[in-house]
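*Asks:* Sequence plus predicted model, see below.
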Amino acid sequence: MTTLACNAVFLSDLHLGACWSDTNALLAVLQQLRPRRLYLVGDVVDFALLRQFPQWPAAGTAVLRALLELGQAGSELIWLPGNHDDCLRHLGRLRLGSLDLCEQVVHTTVNGRRYLVLHGDQCDGVVTRYPGLAWLGGLLHDRAYRLLRWLQPRLSARRRTPSLVSRVKSWVKQGCLGISAYREALLLRARQAGADGVICGHVHSPSHDVFDGGMEYLNCGDWVENCTLVIETMDGRLELLRWDEAAGLQPLATAAPQPVAELALAVE
Ligand SMILES: [Mn+2]
């Protein structure tokens with residue numbers, strides 16, 4: 001088995017504990033990675049769901065074990081909680097062996113570029129201003145998802161069921177929040193932190209955007225639908241990759257950084 005040499009790996013939205021977390025893909029990809037640093041960019045364990053459905057699948061333990069084994073093999077693990085594992089935020093900054101727990105962190109690449117790393121719900125207006133609405137949305141999503149998972153094998157032979165629900169969720173998120181507003185809020189936060197870009201998750205929408213002026217927005221995607229991750233190569237480049245069962249780790253086709261209009265970021 002070949003391992004991918006890289007300085008850092010960024011994984012978000014694993015949603016361990018949920019039946020729709022793609023643990024097989026996660027286990028396969030973790031076997032190929034030996035990064036110096038592994039960032040877990042939030043919603044790693046879906047505690048929010050486990051509070052309603054306290055059934056922990058064995059595959060979730062296997063993924064946690066694989067992560068801890070990477071830590072024992074020398075990788076530094078940094079867990080940045082999201083809104084589905086926000087109970088960990090109550091612990092504050094904590095170091096447990098090779099695992100570091102913190103709200104956000106600045107990652108510096110080997111070529112000196114600085115990236116603010118955080119889950120991103122901190123900049124989601126729905127989650128911060130209307131937590132009840134976000135909770136209700138999550139609950140409806142979970143119920144609809146379970147219904148579709150039950151219905152799908154009865155309706156067709158398609159392997160993956162969540163696309164419709166995910167699309168609806170994505171439309172709702174885009175409607176309520178707007179991905180571009182979310183991206184701008186995070187880039188503003190990054191600029192305020194003196195960083196050259198942001199690496200986040202939360203909206204389950206993998207992306208690598210480069211703005212005039214060099215600011216970068218990278219969204220790690222998720223391990224429910226997209227099976228995507230961000231890596232820092234040995235020469236300090238950030239790349240968005242997708243795991244494919246047949247082809248392994250591949251650059252994400254849409255990942256070519258697209259220069260877009262100058263971002264009007266007013267730092268207050
Ligand atoms: Mn989230």
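*Replies:* Cool, got the structure. Numbering: from 1, shown residues only.
*Asks:* Three-state assignment for L64, please.
*Replies:* Of the three states, L64 takes helix according to DSSP: H, G, I helix; E, B strand; the rest coil.
*Asks:* Which residue, other than its chain neighbours, is closest to it?
*Replies:* Among residues not flanking L64 along the chain, L16 sits closest, at 6.9 Å (Cβ to Cβ, 6 or more residues apart in numbering). Every residue, glycine included, has its C-beta placed from N, CA and C.
*Asks:* now the one you found: how far from L94?
*Replies:* Computed as Cβ to Cβ, to the nearest Å, the L16 to L94 distance reads 19 Å.
*Asks:* So if I had to pick from the two, which one is more boxed in?
*Replies:* Using other Cβ atoms under 10 Å, the more surrounded residue of L16 and L94 is L16, with 26 against 11.
*Asks:* quick revisit: pLDDT at the residue nearest to L64, what is it?
*Replies:* With respect to pLDDT, L16 has a value of 97.
*Asks:* With the one 4 residues further on instead?
*Replies:* You'll see W20 listed with a pLDDT of 87.
*Asks:* Let me know how buried it is, in neighbour terms.
*Replies:* 22.
*Asks:* So the residue nearest to L64 versus L101, what's the distance?
*Replies:* 16 Å.
*Asks:* what's the answer for S180, then?
*Replies:* From S180 across to L101, the span is 31 Å (Cβ to Cβ).
*Asks:* again, but for N111
*Replies:* 28 Å.
*Asks:* buried ones in stretch 70-82?
*Replies:* Within stretch 70-82, the residues scored as buried using 16 or more other Cβ atoms under 10 Å are 70-71, 75, 77-82.
*Asks:* For the chain, what lies in contact range of the ion?
*Replies:* By Cβ under 5 Å from the ion, the residues of the chain that approach the ion are 43, 82-83, 121, 202.
*Asks:* if I pick L99, what's in contact with it?
*Replies:* 68, 71, 77-79 (Cβ atoms under 8 Å, 6 or more residues apart in numbering).
*Asks:* What is the most widely separated pair among the residues you listed?
*Replies:* L68 and I78 (13.5 Å; Cβ to Cβ).
*Asks:* Hmm, V106 and Y115 touching each other?
*Replies:* Yes. Y115 is in contact with V106 according to Cβ atoms under 8 Å; the separation is 6.9 Å.
*Asks:* more neighbours, those two?
*Replies:* Y115 (26 against 14).
*Asks:* Next, work out how far apart the more buried one and D46 are.
*Replies:* Taken as Cβ to Cβ, the span from Y115 to D46 is 25 Å.
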